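J.: need coordinates for the below:
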Amino acid sequence: MEHLNKALPLFATQNPQDDGFDAYLIIATDFSKNVLKNESLSQYFSELKLLAELDANFENETSLSVINKKRVIYSPTGPVDRDQDDSRRIADAAQNAIKKAIKAGSKSPLLINASKDAFDLSDQVALLGALQALYNPLELREAKKAEGLLKVDKLGYWNENKQEAEQILNIVNAIELGRIVTRDIGGSDPERMSAPNVAAYVNDLFKSSDIKVNIIEGQDNFLREYPCFAAVNRAANSTERHAGRVIKLVYSPPSDSAIDKTLFLVGKGITYDTGGADVKAGGHMSGMHRDKCGAAFVAGFFKTLSLLKPKGLKVYGNMCMARNSIGEECYVSDEIITARSKKRIRVGNTDAEGRMAMVDVLCEAKEMALNEINPHLFTIATLTGHVIRAYGPNYSAVLSNGPAKADQIDVNLHRYGDLIGDPYEISSIKREDYQAIAGKSEYEDILQATNNPSTMDARGHQFPAAFLVMASGLEKHGKNSDKKIPYSHVDIAGSSGPFPGVPTGSPLPSFVYNYILPKI
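T.: Residues are numbered from 1 along each chain as shown. This next block holds a predicted model:
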């Protein structure tokens with residue numbers, strides 16, 4: 001874990017043909033405008049003009065050339081000025097360039113973003129795009145006994161403004177180390193990142209930092225404090241290596257800064273989701289080790305907090321780590337469980353375990369928030385397949401209660417997400433969502449879920465947010481309350497990344513730009 005406590009090998013240079021690098025990766029929207037008309041670049045890379053003239057597809061695909069015995073990779077962004085274009089054009093081009101460089105054998109590529117003016121944060125997006133492609137998975141690092149977090153020895157970044165370059169690299173380094181933590185936990189298999197192993201990883205990660213870590217374990221403790229979590233954990237608890245953990249993290253700002261905002265982050269950490277008694281049949285279980293990406297984000301965000309140390313911001317993190325197992329002890333549909341909020345919850349579908357794992361911890365956060373300064377509560381989860389059906393892959397959905405809407409939390413995340421290539425769709429919680437989870441008989445107060453997969457329900461990603469509001473008791477702290485508590489739910493089932501593939505680390509960049517960077 002020592003390597004995660006060191007800065008990544010990112011180096012700035014003011015020379016676009018620095019001999020310290022073995023490949024030059026040019027990101028551009030238009031070769032003629034971005035390269036030939038740029039004095040700093042044209043003197044080194046004008047030889048590409050002939051290739052651009054001879055290859056009709058030059059501006060449509062990533063190409064490799066050799067100039068002065070060095071690899072030169074040209075990676076076009078495509079159009080950046082249409083209604084449908086956003087900063088991901090830059091990220092995609094950077095990823096394509098890095099993948100080409102790795103295949104060509106490069107170990108020290110230099111990223112040259114010639115489209116700096118295309119978007120406000122073009123350089124940051126380009127670097128994060130490149131780093132996404134350079135991530136070296138934890139299990140491969142361990143299998144090969146290699147400490148390198150990246151697939152190259154170093155990554156260069158060209159920027160003629162040295163001070164600006166250093167500032168950008170400092171921020172990108174902190175974000176990427178957070179994303180690496182997120183990917184390590186979220187992407188590793190269900191045994192490597194079982195709940196006890198996640199706890200050990202987090203303990204080791206923060207042992208020399210100012211992040212406070214408290215790990216709660218034991219079914220008796222869960223039954224007393226988090227009865228809905230205990231229900232999910234019941235089957236797995238009989239197998240020691242799969243037994244659940246609630247991992248609590250606290251970041252306090254430097255002592256010389258007064259706290260003016262408090263965040264509570266509750267992340268879903270289902271280490272493997274079999275569906276439980278309502279088993280995922282027909283091959284739908286594959287990939288369910290990724291159901292812990294919400295909790296993984298929480299750990300990653302705290303890694304970034306520990307590096308950037310924002311002033312005035314206090315953050316409580318909660319990682320709800322459990323395995324939704326099948327067995328003689330598993331919870332089943334029709335059970336009625338009394339939540340921490342004292343609401344009686346009828347289980348409708350054991351495959352809706354994520355909301356169960358989080359809701360009591362959210363209730364606890366609500367109780368704590370009443371005594372904190374300017375609190376905002378979040379749940380972050382790969383919660384529903386419906387959000388992918390509604391918005392497609394690649395997008396986080398944010399849903400807010402009345403006080404959070406008034407604070408424009410969803411609007412701000414959407415705005416920063418567009419800027420940094422971590423996009424959102426703004427969804428909402430309507431009256432039909434509250435009606436959907438209302439108890440259907442006098443036995444229960446709340447229905448946890450229908451008997452259908454979320455993809456088969458109308459408003460299948462919205463009514464789970466209403467469940468989290470009602471079952472945690474947050475409905476008493478809406479816009480008509482004297483004690484308002486802003487709450488937002490972020491569904492990252494689409495944005496967390498593909499399987500097979502590498503997790504993205506979303507929504508970490510947008511949260512960093514929204515909450516951390518304004519305070520450093």
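J.: which SS class is the residue most central in space within the chain?
T.: Residue closest to the mean C-alpha point of the chain, counted by CA atoms, centre = their mean, is S506 at 2.6 Å. At S506 the chain is in coil, as set by DSSP: H, G, I helix; E, B strand; the rest coil.
J.: got a list of what it touches?
T.: Residues near S506 by CB atoms under 8 Å, 6 or more residues apart in numbering: F297, S396, D422, I492, S495, S496, G497. No exception for glycine: its C-beta is placed from N, CA and C like everyone else's.
J.: ok, 10 Å please
T.: Contact partners of S506, counting by CB atoms under 10 Å, 6 or more residues apart in numbering, are 179, 182, 293, 297, 380, 394-396, 417, 421-424, 490, 492, 494-497.
J.: can you tell me which of those are buried?
T.: 179, 182, 293, 297, 380, 394-396, 417, 421-424, 490, 492, 494-497 (16 or more other CB atoms under 10 Å).
J.: next step: those restricted to helices.
T.: R179, T182, C293, F297, G417 (DSSP state H).
J.: my read is that the third one contacts V490, right?
T.: No. Counting by CB atoms under 10 Å, no contact exists between C293 and V490, whose distance comes to 11.1 Å.
J.: list residues touching both of the two?
T.: Here C293 and V490 have G267, I380, A381, S506, P507 as joint contacts, going by CB under 10 Å, 6+ apart.
J.: for the residues you listed, give me JSON lines that also has distance to L468 and pLDDT.
T.: Listed next are the shared contacts of C293 and V490 as JSON lines, based on distance: CB to CB, whole Å; pLDDT from 0 to 100:
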{"residue": "G267", "distance to L468": "13", "pLDDT": "98"}
{"residue": "I380", "distance to L468": "11", "pLDDT": "98"}
{"residue": "A381", "distance to L468": "9", "pLDDT": "98"}
{"residue": "S506", "distance to L468": "20", "pLDDT": "98"}
{"residue": "P507", "distance to L468": "17", "pLDDT": "98"}
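J.: listing request: residues of this structure with sub-threshold pLDDT.
T.: 1-2 (pLDDT under 70).
J.: how about a cut-off of 90?
T.: Across the chain, the ranges flagged by pLDDT under 90 are 1-5, 68, 145-147, 255-256, 281-284, 451-456.
J.: and G312, what does it touch?
T.: P253, P254, S257, A258, I259, D260, K261, T262, I373, N374, P518, K519.
J.: of these, which is the nearest to A449?
T.: T262 (30.6 Å; CB to CB).
J.: Three-state assignment for that closest one, please.
T.: Under three-state DSSP, the three-state class of T262 is strand.
J.: which residues does it contact?
T.: Contact partners of T262, counting by CB under 10 Å, 6+ apart, are 312-316, 368-369, 371-377.
J.: so which of those belong to helices?
T.: Counting by DSSP H, these place M368, A369 in helices.
J.: would JSON lines of the contacts of T262 with distance to F45 be doable?
T.: Shown next, in JSON lines, are those (distance: CB to CB, whole Å):
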{"residue": "G312", "distance to F45": "45"}
{"residue": "L313", "distance to F45": "43"}
{"residue": "K314", "distance to F45": "48"}
{"residue": "V315", "distance to F45": "45"}
{"residue": "Y316", "distance to F45": "50"}
{"residue": "M368", "distance to F45": "56"}
{"residue": "A369", "distance to F45": "55"}
{"residue": "N371", "distance to F45": "59"}
{"residue": "E372", "distance to F45": "54"}
{"residue": "I373", "distance to F45": "53"}
{"residue": "N374", "distance to F45": "50"}
{"residue": "P375", "distance to F45": "52"}
{"residue": "H376", "distance to F45": "47"}
{"residue": "L377", "distance to F45": "50"}
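J.: tell me how far E61 lies from N173.
T.: Look at E61 and N173: by CB to CB, to the nearest Å, they are 31 Å apart.
J.: ok, the two, which is more surrounded?
T.: Shown here are E61 and N173; by other CB atoms under 10 Å, N173 has more neighbours (20 against 12).
J.: and the helix or strand hosting the more buried one, what does it pack against?
T.: Using DSSP states H and E, N173 maps to helix 162-187. Here helix 162-187 touches strand 10-13, helix 122-134, helix 138-143, strand 155-158, helix 195-206, strand 261-273, helix 293-308, helix 508-511, going by 3 or more CB pairs under 10 Å, 6 or more residues apart in numbering; DSSP states H and E.
J.: what's the angle from that helix to strand 261-273?
T.: With axes from the mean of the first three to the mean of the last three CA atoms, to 10 degrees applied, the angle from helix 162-187 to strand 261-273 works out at 40 degrees.
J.: how far does helix 162-187 sit from its chain's centre?
T.: Distance of helix 162-187 from its chain centroid, counting by CA atoms, centre = their mean, to the nearest Å, is 13 Å.
J.: so who does K268 touch?
T.: With CB under 10 Å, 6+ apart, K268 has these contacts: 291-298, 319-322, 353-358, 361, 379-383, 491-492.
J.: rewinding a little: okay, buried residues for the helix holding N173 please.
T.: Quick answer for helix 162-187 (16+ other CB under 10 Å): 165, 168-169, 171-187.
J.: tell me the angle it makes with helix 195-206.
T.: 160 degrees.
J.: next, the angle helix 122-134 makes with helix 162-187.
T.: Going by the same axes, to 10 degrees, helix 162-187 is angled at 40 degrees with respect to helix 122-134.
J.: send me stretch 413-420 as PDB with only the CA atoms.
T.: Extracted in PDB, the C-alpha atoms of stretch 413-420 (Å, rounded to 0.1, in the frame of the first residue of the first chain):
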ATOM      1  CA  LEU A 413     -23.000  18.400 -10.000                       C
ATOM      2  CA  HIS A 414     -24.400  18.300 -13.500                       C
ATOM      3  CA  ARG A 415     -22.400  21.500 -14.400                       C
ATOM      4  CA  TYR A 416     -19.100  20.300 -13.000                       C
ATOM      5  CA  GLY A 417     -19.700  16.800 -14.400                       C
ATOM      6  CA  ASP A 418     -19.900  18.300 -17.900                       C
ATOM      7  CA  LEU A 419     -16.700  20.400 -17.300                       C
ATOM      8  CA  ILE A 420     -14.600  17.500 -16.100                       C
END
